[in-house]
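Peer 1: Predicted model follows, preceded by the sequence.
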Amino acid sequence: MWILRPAVAVVVVMMTGLPAFAQPIEISSLGHAPVMSTSTSLSELRSNFEKNEPMMRQAAQKLGLSTEQYETFKLQVAVAKARWVTVPRHLEAMTWGADGTVHVLRDVIIPPGMKGLEVDMPDGNTTLAMYLPAKCGNLSYVHIKPPVVAYPSSPHYVAHAQSFPQPQPQQVASVVTGTVPVAPLAAIPPPPIVAAAAHHFSLLPLAALLPFVIHGSNNVIPAAPGVTSISGPAAPTFPHTCGCPPPPPCP
């Protein structure tokens, strides 16, 4: 086993040193160059982390983490705030150890289904997700960008020109534009005030009846005994209009 580890380390160093490898480095299995021993549960992984804390601090420094980031990761592991998850296959950076020294691999693909713990912390506009695989304890990380919300274009508000039929030529009546003068409204005179009819007493009708009254006063009707005589209007006489002689007297 002691011969296998140096050989694997040399191979890994040669792989990281060759500039021709532009594609991600795919690792077939973990545990050949571990930073700490294998763990089978979250509690055992936390215990191994505490035993190998100097190696974990060195691994964090090799990854370029700040002291504050490492202390946050260490605290989350100690208070059991780390989550037991399936480590993603593609990692931005992953550490490995040989002879007490920690090395770093960039752009790594690990086997599927590897279990481990995860601690998330903000890092600028992204989230720094740190992983500690239970198989090897090789501290790793990946930056997670916030999801981009895509708003679909609504066909109700966006229309294309070709979706409309071509208008057919047709005769359009000429429209005279301008302001139509409006004649001012004539002043409507107020209704005439009708004065109340004055009631005047006229003597003309009485004057027309005066001859009949005077003529009729000569005819006196004899009254009954004990009754005063009552005079009334006599029958009017009309002038004779015929020119014939009067009739002879009666015998």
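Peer 2: Arrived safely, thanks for sending.
Peer 1: Give me the below-cutoff pLDDT ranges for the stretch 51-200 of the chain.
Peer 2: Residue ranges of the stretch 51-200 of the chain with pLDDT under 70: 150-200.
Peer 1: Do you have the strands of it handy? List them.
Peer 2: 83-86, 90-98, 101-109, 115-123, 126-133, 140-144 (DSSP state E, counting those that start in this stretch).
Peer 1: list the helices and strands the first one packs on?
Peer 2: In terms of contact count using 3 or more Cβ pairs under 8 Å, 6 or more residues apart in numbering; DSSP states H and E, strand 83-86 is assigned the packing partners strand 115-123. For glycine as for every other residue, the C-beta is placed from the backbone atoms N, C-alpha and C.
Peer 1: What of the fifth one?
Peer 2: For strand 126-133, the contact count by 3+ Cβ pairs under 8 Å, 6+ apart identifies helix 67-78, strand 115-123, strand 140-144 as packing neighbours.
Peer 1: Contacts for the longest one, please.
Peer 2: To tie it back to what came earlier, the one meant is helix 67-78. Residues outside helix 67-78 that contact it (Cβ atoms under 8 Å, 6 or more residues apart in numbering) are 46, 49-50, 53, 56-57, 60-61, 65, 81-82, 117, 119, 121, 123, 128, 130, 132.
Peer 1: can you do 10 Å?
Peer 2: Helix 67-78 is contacted from outside by 42, 45-46, 49-50, 53, 56-57, 59-61, 63, 65-66, 81-83, 117-123, 128, 130, 132, 139, 141, using Cβ atoms under 10 Å, 6 or more residues apart in numbering.
Peer 1: Alpha carbons of that helix, as CSV, please.
Peer 2: Taking Å, rounded to 0.1, in the frame of the first residue of the first chain, the C-alpha atoms of helix 67-78 are listed here in CSV:
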residue,chain,number,x,y,z
THR,A,67,-9.5,32.1,7.4
GLU,A,68,-13.1,33.2,8.0
GLN,A,69,-14.4,30.8,5.4
TYR,A,70,-12.5,27.9,7.0
GLU,A,71,-13.6,28.8,10.5
THR,A,72,-17.3,28.9,9.3
PHE,A,73,-16.9,25.5,7.7
LYS,A,74,-15.3,24.1,10.9
LEU,A,75,-18.0,25.6,13.1
GLN,A,76,-20.8,24.1,11.0
VAL,A,77,-19.2,20.7,11.1
ALA,A,78,-18.7,20.9,14.9
